[in-house]
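Student: Just to be clear, the model below is a prediction. Sequence and coordinates:
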Amino acid sequence: MHSTRTDRRSTRYTLRLAAAALVSLAAAAPAFAQSTIADLAKYDGADRMEKLIAGAKQEGTLTIYTSTPVDDINAITDAFTKKYGIKVDVWRGSSEDLLTRGVTETKAGRYTADVYETDGPGLEALTREQMLQPVSSPTFKQLMPQAVQDHNNWVGTRLNVMTSAYNTNLVDASSVPKTWTDFLDPQWKGKLGVEAEDYDWMAAIVKRFPSEQEGLDFFRKLVSTNGLSVRSGHTLLTNLVASGEVPLSMTVYEYKAQQLKADGAPVDWFGISPIPSRVNGIGVSAHATHPNAALLLQEFEMTDAQAILVKRGFTATNLTLFPLPKGVSLDVIDSKVVLDEGKKWQDLFEKIVLQQQK
């Protein structure tokens, strides 16, 4: 009996020691795991990545809402999971659907998304809804200035460069326009195309002229003399250039034209500098339920994923890893301006370009 009581006391003592050890570990080990999203987001110590990785592994998963094409987002999330062992649940929709879903859920107190990934204006809209968390990251210093917002609620991870493309069987490379007014040349009558929602591109071009009025007059003259074939979707438009149905499109995404060219299609692209470019990026939810994993994914997209994006034809924003080619000048469209002036330019695009096609 004495031995049994001793064993029991020993067991109770051992359990108390174990409990004390667990309390001690709980105070030290979780580090970031029990911190608030605000604490995590502003921490920029030398061990930031180490802490994020440890916390993310404890969380084990995260959810991303994205408008990125399926193949592109899968390439990123698969690589992230392979490196860190963290599962990524993906919900994908259009930028508009993403905004609607995110805002509706947040107002209802449902916080499913840990990360939002979409175009710059969409992320700026989420910022104005106070749905994104300001983040402080040493990696921001590696990015092009236009990718980092002054409020730090989101960051640009890649650019869609809006170039022109032409069918090499129908258009001689030596004849492609060198300036915007070259598009007024009669040789382009009935040969030009444009995407149906590129109002922000038109705004960027208009602002190259000495006055807004002169820029708008350029587009009015272009439409009335040479005409513009308006098509919905940049991928469709690029394919129509390859088929010859649209000999020259004023607006395509450079990466898509380059992909078709690499596949042997009779397509080439050119740009009139500075080339208008749209920024896409990532923001961490201010209500993220997996904050460490969310911040870790943002870091991943600014670093490791840049090579994945470049391989898939996007222009990286991390200039330390992928400097722009010599002589290339980009005009990154300001997402705030698109939100603030979007209605004005949508109306002008509708009146000058779209209505003339009806």
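Tutor: Cool, got the structure.
Student: Which helix or strand contains the residue nearest to Gly190 when sequence neighbours are not counted?
Tutor: Among residues not flanking Gly190 along the chain, Gly227 sits closest, at 5.9 Å (C-beta to C-beta, 6 or more residues apart in numbering). For every residue, glycine as well, the C-beta is placed using N, CA and C. Of the helices and strands defined by DSSP states H and E, none includes Gly227.
Student: Same question for Val310.
Tutor: Going by DSSP H and E, Val310 is part of helix 304-311.
Student: how about stretch 227-245: buried residues?
Tutor: For stretch 227-245, burial by neighbour count (16 or more other C-beta atoms under 10 Å) applies to Gly227, Leu228, Ser229, Val230, Arg231, His234, Leu237, Thr238, Asn239, Leu240, Val241, Ala242.
Student: How about stretch 177-190?
Tutor: For stretch 177-190, a neighbour-count test (16+ other C-beta under 10 Å) marks Pro177, Trp180, Phe183, Trp188 as buried.
Student: before we move on, what about stretch 349-358?
Tutor: Phe349, Ile352, Val353, Leu354, Gln356.
Student: quick one on the thing from earlier: out of the buried residues of stretch 227-245, which one sits closest to Leu123?
Tutor: Of all those, Leu123 sits closest to His234, with 19.8 Å by C-beta to C-beta.
Student: Val252 is in contact with that closest one, correct?
Tutor: Yes - the criterion here is C-beta atoms under 8 Å, and His234 meets it with Val252 at 5.6 Å.
Student: quick one: common contacting residues for those two?
Tutor: Both His234 and Val252 are contacted by Glu195, under the criterion C-beta atoms under 8 Å, 6 or more residues apart in numbering.
Student: For this structure, which segments count as strands?
Tutor: Secondary structure of the chain by DSSP state E: the strands cover 61-66, 87-92, 115-119, 155-167, 192-195, 229-231, 248-253, 267-270, 275-284, 315-316, 330-332.
Student: Any chance of a markdown table for the ones you listed, columns distance to Val103?
Tutor: As requested, the strands of the chain are exported to a markdown table (distance: least, C-beta to C-beta, whole Å):
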| stretch | distance to Val103 |
| --- | --- |
| strand 61-66 | 11 |
| strand 87-92 | 14 |
| strand 115-119 | 11 |
| strand 155-167 | 21 |
| strand 192-195 | 27 |
| strand 229-231 | 30 |
| strand 248-253 | 27 |
| strand 267-270 | 36 |
| strand 275-284 | 13 |
| strand 315-316 | 29 |
| strand 330-332 | 26 |
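Student: closest to Ala293 out of those?
Tutor: strand 61-66 (3.8 Å).
Student: So which bits of the closest one are buried?
Tutor: Buried-residue list, strand 61-66, by 16+ other C-beta under 10 Å: Leu62, Thr63, Ile64, Tyr65, Thr66.
Student: residues touching the first one, list them.
Tutor: In this case it means Leu62. Neighbours of Leu62 in contact, by C-beta under 8 Å, 6+ apart: Ala56, Ile86, Lys87, Val88, Asp89, Asp114, Val115, Ala288, His290, Ala293, Ala294, Leu297.
Student: I'd like to know how far the first one sits from His287.
Tutor: Noted for Ala56: a distance of 17 Å to His287, by C-beta to C-beta, to the nearest Å.
Student: Which of those two has more residues huddled nearby?
Tutor: Between Ala56 and His287, counted using other C-beta atoms under 10 Å, the more crowded position is Ala56 (25 against 18).
Student: for the more buried one, what are its contacts?
Tutor: Taking C-beta under 8 Å, 6+ apart, one finds Leu62, Tyr84, Ile86, His290, Asn292, Ala293, Leu295, Leu296 in contact with Ala56.
Student: And Thr238, by the same measure?
Tutor: Shown in contact with Thr238 (C-beta under 8 Å, 6+ apart): Ala165, Ser249, Val252, Tyr253, Lys256, Ala257, Leu260, Val267.
Student: With that, I have no additional questions.
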